[in-house]
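A.B. asks: Below is the structure, and that's it, no one-letter string:
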C-alpha cells in the first residue's frame with residue numbers, strides 16, 4: 001500500500017510520567033485512532049501465538065507457567081539481566097509486533113481513517129518509527145515526572161527514580177522526534193498544547 005493509498009501514521013512516544021497517555025487519549029477523542037504497542041505486545045505473547053514458543057526457545061521453558069501462558073516476571077528477570085538478553089527479547093518480539101501493527105493499520109485505512117497514532121514507549125528503540133510519517137515525543141522535567149509516577153503508581157520516589165533511570169534521557173527523544181510536546185504545566189495547559197499541535201492534522 002502506497003502512502004497515497006493510506007493516511008498518515010503518527011508515532012507517539014515519551015518517557016514514563018511525561019504525559020504520553022494523556023496525549024493518546026486526546027488524539028483518540030479527536031477522532032484519530034490509536035494503536036497501542038503495549039497491547040500488541042500482549043497479544044503476541046498470548047498462549048498459542050508463535051512468538052511465545054520462540055520466547056521459550058530463546059530463554060528456556062522457565063518463562064512459561066504450568067498452563068503454557070507467559071510468566072511475565074520470569075521473562076523480565078531473564079530478558080533484562082543483560083543488554084544482550086534484552087536485545088534477544090527484542091529480536092524475537094519486535095517482528096511479530098510490527099506485523100500486527102501493519103494489520104491494524106490496514107484495517108483502519110480500509111475503514112476510512114485518514115490518520116492513525118501509534119502509541120509506542122519504545123518507538124525508536126524498536127524501529128517502529130520507520131513505519132511513521134511523523135513522530136512526536138511528550139517530555140516533562142524529571143522532578144515533575146517523578147512526582148506523577150509516585151502518585152499514579154503509589155510507589156516511593158526512589159522506586160520512581162529507578163524506573164526513570166532505565167529509560168533514555170530527554171536528549172534521546174529530542175534528537176529523534178520530529179515534534180516535541182512539553183508537559184511542564186497543569187493538565188489544562190497541556191491539553192491546549194496537544195490540541196494546537198493536532199490542528200496540523202486537521203483535528
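C.D. replies: Noted; the coordinates are in hand. These figures come from a predicted structure and were not determined experimentally. Residues are numbered from 1 along each chain as shown.
A.B. asks: Tell me the confidence at residue 202?
C.D. replies: Reading off the per-residue confidence, residue 202 sits at a pLDDT of 62.
A.B. asks: elements contacting the helix ranked longest in the chain?
C.D. replies: With DSSP state H setting the assignment, residue counts place helix 83-110 as the longest helix in the chain. Other elements packing on helix 83-110 under the criterion 3 or more CB pairs under 8 Å, 6 or more residues apart in numbering; DSSP states H and E are strand 34-36, helix 37-44, helix 50-59, helix 72-79, strand 115-119. Where C-beta positions appear, they are placed from N, C-alpha and C, glycine not excepted.
A.B. asks: from the chain's centre, how far out does it sit?
C.D. replies: Mean C-alpha position of helix 83-110 versus that of the full chain (CA atoms, centre = their mean, to the nearest Å) differs by 11 Å.
A.B. asks: tilt between it and helix 72-79?
C.D. replies: Calculated by axes from the mean of the first three to the mean of the last three CA atoms, to 10 degrees, helix 83-110 forms an angle of 120 degrees with helix 72-79.
A.B. asks: and the gap between residue 69 and residue 52?
C.D. replies: 8 Å (CB to CB, to the nearest Å).
A.B. asks: no wait, residue 25
C.D. replies: 30 Å.
A.B. asks: got it, and residue 18?
C.D. replies: As for residue 18, its distance to residue 52 is 31 Å (criterion: CB to CB).
A.B. asks: Which one's more surrounded, these two?
C.D. replies: In this view residue 18 and residue 52 are compared by other CB atoms under 10 Å, and residue 18 has more residues nearby, 28 against 22.
A.B. asks: and that one, what is it in contact with?
C.D. replies: Listed by CB atoms under 8 Å, 6 or more residues apart in numbering, the contact set of residue 18 reads 138-140, 145, 183.
A.B. asks: Now do the same contact list for the residue lying closest to residue 10 once chain neighbours are set aside.
C.D. replies: Spatially, and ignoring its direct neighbours in sequence, residue 10 is nearest to residue 117 (4.6 Å; CB to CB, 6 or more residues apart in numbering). For residue 117, the contacting residues are 9-12, 24, 27-28, 32-35, taking CB under 8 Å, 6+ apart as the criterion.
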